[in-house]
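Visitor: what's the 3D shape of this:
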Amino acid sequence: MSRQKKRRPVARPNRPTVPAAQPPQSKRRPISTAVWVVVAVTVVIGTLVGLGLAEEGPVPVERDQAVVAAGGELFGASCAVCHGPDLRGSQTGPPLLVPTYAPNHHGDEAFQRAVEFGVPTHHWNFGDMAPVAGLSRDDVSQIVAYVRTMQEAEGIFRDPTH
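Guide: Have a look, this model is predicted:
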């Protein structure tokens, strides 16, 4: 059998030895266990508080009764012809005492824009709503206060589909 020779490393004087490249060290400090515990406890407490509030149900908003009354008068003069004097709709306009018009689906600004610009048909088949002349933003805010108060009296706080 032949014997293999072991190769010896050859020193090369003209080549400097370079240490192997090391991955760059992160300058971030690891998050301590105590911080993770605080974060976890905060999340759990926040969740429990949120669930506790959800069980109580929505709370009606306190509104100035004079504003609500003024809104009711403005509604009667400008909106009731289509939306009905009791907000339950008519032959020419949809009801407002339905979840579709709850604040999380049609916010207060949607009412402002509907009065100012009108609204194309999208939920009902009554045709497009024309802009309503003669109402200021403040007037519409009063009308919205009236509508929201009436919705809350009917238990309408949210549209569950949104």
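
Visitor: alpha carbons only for contacts and neighbour counts from here, please
Guide: Noted.

Visitor: which one is residue 116 nearest to, not counting chain neighbours?
Guide: Excluding the flanking residues, the one nearest residue 116 by C-alpha to C-alpha, 6 or more residues apart in numbering is residue 131, at 5.3 Å.

Visitor: Could you report the separation of the one you found from residue 115?
Guide: Separation of residue 131 from residue 115 (C-alpha to C-alpha, to the nearest Å) stands at 5 Å.

Visitor: Look at the two and report which has more neighbours.
Guide: Per other C-alpha atoms under 10 Å, whichever of residue 131 and residue 115 has more neighbours is residue 115, with 22 against 14.

Visitor: Secondary structure element for that one, which one?
Guide: Secondary structure from DSSP states H and E places residue 115 in helix 108-117.

Visitor: what's that helix packed up against?
Guide: helix 137-153 (3 or more C-alpha pairs under 8 Å, 6 or more residues apart in numbering; DSSP states H and E).

Visitor: Now do the strands in this structure.
Guide: With DSSP state E as the definition, the chain shows no strands.

Visitor: Which secondary structure element of it has the lowest mean pLDDT?
Guide: The weakest-scoring helix or strand in the chain, judged by mean pLDDT, DSSP states H and E, is helix 33-56 (a mean of 60).

Visitor: residue contacts, residue 58?
Guide: Taking C-alpha atoms under 8 Å, 6 or more residues apart in numbering, we find residue 58 in contact with residue 157.
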